[in-house]
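**Student:** Predicted model and sequence follow; I will ask about them next.
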Amino acid sequence: MRTEVIKADTIDEAAEEILKVLKEDSSASRSVSSSSRDHVIYFDGWDGLGASAVLRSVAWRVSPPAGRQGAPAAGLKFEQVVHIDCSVWGSRRALQRAVAEQLKLPDQVMELLDRQDEEDDFKGVPQGSRAEVQPVVEEMYRHIQKLNCRFLVIFHNGSGEEIDLASLCGFPLFGFSTNKVLWTFQGRFRLQPRAKVDMAIKSAGATNAFLSAASCREEQDTLELWPYLVNQEALEMVGACKTNTGTRSRSIADLHPAQVVKCFLYIMELCCRGSHSIDYHLATHSANYWVCEGILQQLQQGERDNDDGADDGFWRAVDALQGEMRLDADYHQFSPSTHQAKFVQSRPYWSSPTLGFTRVPAGVIPNGDMFQHYSDKLAVLKISRCTFAFQSPPFCHCHSVRFLWLDHCQDTRISTGGIEDKEAVHQFFQRLCVLDVRYTHCDQILSAQMMDLMDQLRELNVMGCKAKEWDMGQLQGRLPNIRKLRITKSKVQCSCPEEDLFSEMNKMELLDFSGNNTNHLSPVKDISGLITTSNSCLETVIVDGYGRHLRSMSFRGCTKLKNLFLGRMICVDTLDISGTAVKTLDLSAITVWQIHELRLLDCDKLCAILWPQILRTRLEDVNYNFKVLIDTTQSASSSASYSTVTATQTTASAAPHERGNRQPISDFGWYISVRDSRLIFSLESIYDLVYREGYVEVSSLARLAVTAGYSKDEAIKSGSSNEQRAPAVYADTTLLHLQQAIEGEGQGDPLDPRRLVGRLLHAHTRPDLDKSTGRWWRK
């Protein structure tokens with residue numbers, strides 16, 4: 001691979017130098033020309049910075065003129081320019097789709113991608129793991145061959161590896177071809193060490209030339225060059241986000257480039273000057289630093305009260321911006337040896353990202369003298385391994401603090417303040433936006449009285465708490481403004497009715513309960529994310545390691561919940577995520593299986609369930625009863641009830657019953673009512689081990705009144721004037737062939753969902769078809 005350093009001090013200068021490399025050599029010696037053999041060219045920018053902005057500038061110069069005068073220079077005429085921005089990486093298939101859209105491939109090709117995505121949804125394939133579709137690659141190759149023109153691909157590769165576009169997208173990039181690919185990787189605002197770049201580029205071996213940039217003047221002042229490059233990168237990113245239709249991109253587009261520049265320089269400074277003794281935890285707290293330090297301005301109190309939605313939009317934009325900056329914090333922070341790290345970590349100190357690091361030699365902070373000079377300067381304060389009075393903390397007069405982090409701190413249990421200090425303490429906690437408490441006595445800091453004051457707290461992190469130090473039940477009815485709640489690596493107890501634990505937290509978006517254990521003296525019996533309002537905001541839940549005292553886990557009715565991460569130790573009897581937006585329920589990581597009842601009612605987004613290996617072993621135990629209740633035919637918003645239905649109801653979730661008797665869904669050992677039969681793939685691995693009575697219903701979006709003699713058009717017309725379903729058979733292809741599948745007729749694909757449904761129904765008893773309702777069931 002050829003390497004070259006181009007001399008440039010601006011984005012435009014670098015773009016012009018790259019054009020020289022891209023230029024076609026028209027001389028007789030083209031066949032041996034180095035540039036003609038450089039089909040795939042990587043550009044690294046100035047030590048990783050500015051590359052994305054340069055690529056966009058190159059694209060503007062070589063694209064067909066849009067209001068610009070003059071033809072391309074000799075050797076720079078590309079009939080087809082494909083500009084792909086995957087700075088925020090999705091998957092190889094997402095890249096393939098972006099190229100297909102650029103090439104304007106026929107609708108039939110795009111439908112192939114849609115169909116494969118849909119199939120992968122029902123197989124539970126994660127978005128990031130979705131590979132290219134081979135028939136689409138072949139169609140791309142044929143399409144490019146028909147074009148018979150010279151093309152240039154400009155590729156912003158957001159992944160961490162080299163992508164061979166010849167094999168993934170069918171581009172001819174070999175031999176005497178004059179086609180070119182210009183690419184960079186890892187997105188914008190990147191500070192990757194050169195060793196990682198080299199390793200990634202060698203992964204596929206498709207790149208022919210490695211270009212980087214350096215200043216034309218050796219004496220060029222870094223203080224001039226770097227701010228310029230960062231500003232150009234910010235302009236490029238905001239501009240790209242304005243043309244992107246994604247929600248995340250639209251949030252960033254509302255920010256001013258100058259704000260983006262300040263955020264990057266702030267985090268870069270922390271990376272470069274940080275050490276192992278100061279854990280800034282940038283992956284969690286970067287966005288919090290920007291807001292609390294005033295880098296990005298939050299709404300004032302009065303404005304926030306009048307427009308809470310605008311304030312949430314601001315925070316979402318900040319979180320999205322953090323995802324755009326791919327700083328390699330682990331590399332840039334100094335990592336000493338293990339014994340050095342343990343020694344440094346054991347020393348007491350307080351620190352602030354903007355005011356630096358201060359050692360506390362005695363380890364005890366007796367009063368506020370240590371902070372008296374910083375009362376109006378401290379915005380983020382971290383105190384580690386210090387002892388002070390929690391009732392009257394020495395920092396209570398620092399009225400600018402918005403982010404407090406206590407790590408391995410202890411309480412003197414002595415109150416040293418008077419009435420004036422108590423008022424200052426109240427005002428201090430009222431102003432907090434973020435509170436992080438790790439391995440610190442929580443009974444005072446997180447008492448009911450203190451949390452009553454924290455009505456503006458958006459994020460609470462509790463780690464390493466002991467059950468005797470804090471009762472989690474004190475969260476009940478408090479923290480109404482909380483968005484992110486993390487309680488991790490703790491031994492927890494809860495004195496309140498657990499179903500009411502989060503009753504007032506109707507703005508919470510993230511709930512992390514990983515690595516915890518329960519106290520056997522006062523165990524947590526239920527984790528309930530039930531939010532009774534229609535404005536449920538909970539989107540992500542992480543749960544792992546709750547010992548053997550947890551009875552049930554319920555997030556029923558959290559309509560925006562789509563990310564549920566369950567770890568190895570989920571020792572619960574009942575798991576209920578009915579009425580949520582979960583698309584793939586991934587239980588595969590669980591190694592200790594205690595679940596006896598799984599409820600997935602009114603989950604219209606559900607496509608796949610990934611079971612753990614341990615489940616089959618449990619199901620082979622004749623004494624183990626496993627109840628499964630699944631309904632994907634409607635959402636929670638359209639469901640009147642989760643529990644019982646009558647014979648006169650015509651909703652798809654209506655349970656089977658005889659002679660009009662009322663029969664609760666919970667009476668069945670398993671209840672499966674699905675809109676799309678492909679969900680049955682998820683049940684294949686356990687269907688033969690289900691011994692209890694059950695019910696299966698397969699419906700369809702296209703409901704045809706066949707037995708009543710309606711034509712398809714008549715059925716549609718009838719449905720448009722009457723919201724209630726007609727009492728007719730659901731005559732989709734699946735249902736019409738179920739009888740044959742059940743009776744063992746036909747030799748179709750063994751993985752055909754029709755046959756899987758039949759095998760599931762026929763596992764132990766012969767099912768019946770109720771021709772008046774179009775439902776299969778067995779008992």
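**Tutor:** Everything's here; your move.

**Student:** Tell me which residues of the biggest helix by length in the chain come out buried.
**Tutor:** Scanning the chain for the helix with the most residues, using DSSP state H, yields helix 222-242. Neighbour counts over helix 222-242 (16 or more other C-beta atoms under 10 Å) mark 225-226, 229-238, 240-241 as buried. Every C-beta, even on glycine, is put in place using the N, C-alpha and C of the backbone.

**Student:** M463 bridge partners, please.
**Tutor:** R438, T488 (DSSP bridges).

**Student:** Tell me if I'm right that it and Y439 touch.
**Tutor:** Yes: contact criterion C-beta atoms under 8 Å: M463 and Y439 qualify, at 6.7 Å.

**Student:** Identify the contacts common to the two.
**Tutor:** Counting by C-beta atoms under 8 Å, 6 or more residues apart in numbering, M463 and Y439 have no contacts in common.

**Student:** would you turn the buried residues of helix 222-242 into a markdown table with pLDDT and distance to L475?
**Tutor:** Converted to a markdown table, those look like this (pLDDT from 0 to 100; distance: C-beta to C-beta, whole Å):
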| residue | pLDDT | distance to L475 |
| --- | --- | --- |
| L225 | 84 | 50 |
| W226 | 81 | 45 |
| L229 | 88 | 46 |
| V230 | 87 | 41 |
| N231 | 90 | 44 |
| Q232 | 89 | 46 |
| E233 | 86 | 42 |
| A234 | 88 | 39 |
| L235 | 88 | 44 |
| E236 | 84 | 44 |
| M237 | 84 | 38 |
| V238 | 84 | 39 |
| A240 | 78 | 41 |
| C241 | 80 | 37 |
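
**Student:** Of these, which is the nearest to S212?
**Tutor:** Within the buried residues of helix 222-242, the smallest distance to S212 is 13.1 Å, found for L229 (C-beta to C-beta).

**Student:** Return the residues in contact with that closest one.
**Tutor:** 11, 45-46, 49-50, 53.

**Student:** let's see it at 10 Å
**Tutor:** L229 sits next to 9-11, 14, 45-47, 49-51, 53-54, 213 when contact means C-beta atoms under 10 Å, 6 or more residues apart in numbering.

**Student:** I6 looks like it's in a strand, true?
**Tutor:** Yes: under DSSP: H, G, I helix; E, B strand; the rest coil, I6 falls within a strand.

**Student:** Number of residues surrounding the closest residue to it other than its chain neighbours?
**Tutor:** Ranked by C-beta to C-beta, 6 or more residues apart in numbering and with sequence neighbours excluded, the top spatial neighbour of I6 is E17, at 4.1 Å. E17 is flanked by 18 other residues according to other C-beta atoms under 10 Å.

**Student:** pLDDT score for E17?
**Tutor:** Looking at E17, its pLDDT stands at 94.

**Student:** just checking, what packs against the strand or helix carrying it?
**Tutor:** For E17, the host element (DSSP states H and E) is helix 11-22. When contacts are defined as 3 or more C-beta pairs under 10 Å, 6 or more residues apart in numbering; DSSP states H and E, helix 11-22 sits against strand 2-7, helix 34-37, strand 40-43, helix 51-62, strand 180-185, strand 209-214, helix 222-242.

**Student:** where does the stretch 651-779 of the chain dip in pLDDT?
**Tutor:** Of all residues in the stretch 651-779 of the chain, those with pLDDT under 70 make up the ranges 651-663, 687-693, 700-779.

**Student:** got it, and the stretch 451-600 of the chain?
**Tutor:** 497-500, 519-535, 546-550, 569-570.

**Student:** name the element K382 belongs to?
**Tutor:** strand 380-384.

**Student:** helices or strands up against that strand?
**Tutor:** Contacts defined by 3+ C-beta pairs under 10 Å, 6+ apart place strand 380-384 against helix 282-292, strand 349-352, strand 403-407, strand 434-438.

**Student:** Using PDB, write out the CA atom coordinates for the shortest one.
**Tutor:** Provided in PDB are the C-alpha atoms of strand 349-352 (Å, rounded to 0.1, in the frame of the first residue of the first chain):
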ATOM      1  CA  TYR A 349      -9.200  14.300  46.400                       C
ATOM      2  CA  TRP A 350     -11.800  16.600  44.800                       C
ATOM      3  CA  SER A 351     -11.800  17.600  41.100                       C
ATOM      4  CA  SER A 352     -13.600  19.500  38.500                       C
END
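
**Student:** Can you report how many residues neighbour the residue lying closest to G515 once chain neighbours are set aside?
**Tutor:** Spatial nearest neighbour of G515, chain neighbours left out: K489 (4.2 Å); criterion: C-beta to C-beta, 6+ apart. K489 has 16 neighbours, counted by other C-beta under 10 Å.

**Student:** do the same with A287
**Tutor:** A287 sits with 22 neighbouring residues when counted by other C-beta under 10 Å.

**Student:** One more: E13?
**Tutor:** 16.

**Student:** wait, S286 sits on L270?
**Tutor:** Yes: between S286 and L270 there is a contact at 8.6 Å, judged by C-beta atoms under 10 Å.

**Student:** Spit out the contact partners of the residue nearest to V54 when sequence neighbours are not counted.
**Tutor:** Of all residues not flanking V54 in the chain, A14 sits nearest, at 4.7 Å (C-beta to C-beta, 6+ apart). Going by C-beta under 10 Å, 6+ apart, A14 touches 6-8, 43, 45-46, 50-51, 53-55, 57-58, 211-213, 229.

**Student:** Which ChimeraX command selects the buried ones in those?
**Tutor:** Buried subset of these, written as a ChimeraX selection, criterion 16+ other C-beta under 10 Å:
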select :6,8,43,45,46,50,51,53,54,55,57,58,211,212,213,229
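
**Student:** What is the nearest of the contacts of L229 to V434?
**Tutor:** Closest approach to V434 among these (C-beta to C-beta): L49, at 29.1 Å.

**Student:** For my notes, confirm L479 occurs in a helix.
**Tutor:** No: going by three-state DSSP, the assignment for L479 is coil, not a helix.

**Student:** Look up phi and psi at it.
**Tutor:** phi 50, psi 60 (degrees, to the nearest 10).

**Student:** So it is in contact with F502, correct?
**Tutor:** Yes: counting by C-beta under 10 Å, F502 is a contact partner of L479 at 9.1 Å.

**Student:** contacting residues around the residue nearest to I6?
**Tutor:** 4, 6-8, 43, 54, 58, 211, 213.

**Student:** Among those, which one lies nearest to L147?
**Tutor:** For the contacts of E17, the residue nearest L147 by C-beta to C-beta is V58; the value is 21.1 Å.

**Student:** Pop the domain breakdown of the protein in here.
**Tutor:** The record's domain split for the chain, according to automatic domain parsing, is 2-221, 244-331, 698-778.

**Student:** Any idea how far apart the tips of stretch 269-288 sit?
**Tutor:** For stretch 269-288, the first-to-last residue distance is 16 Å (C-alpha to C-alpha, to the nearest Å).
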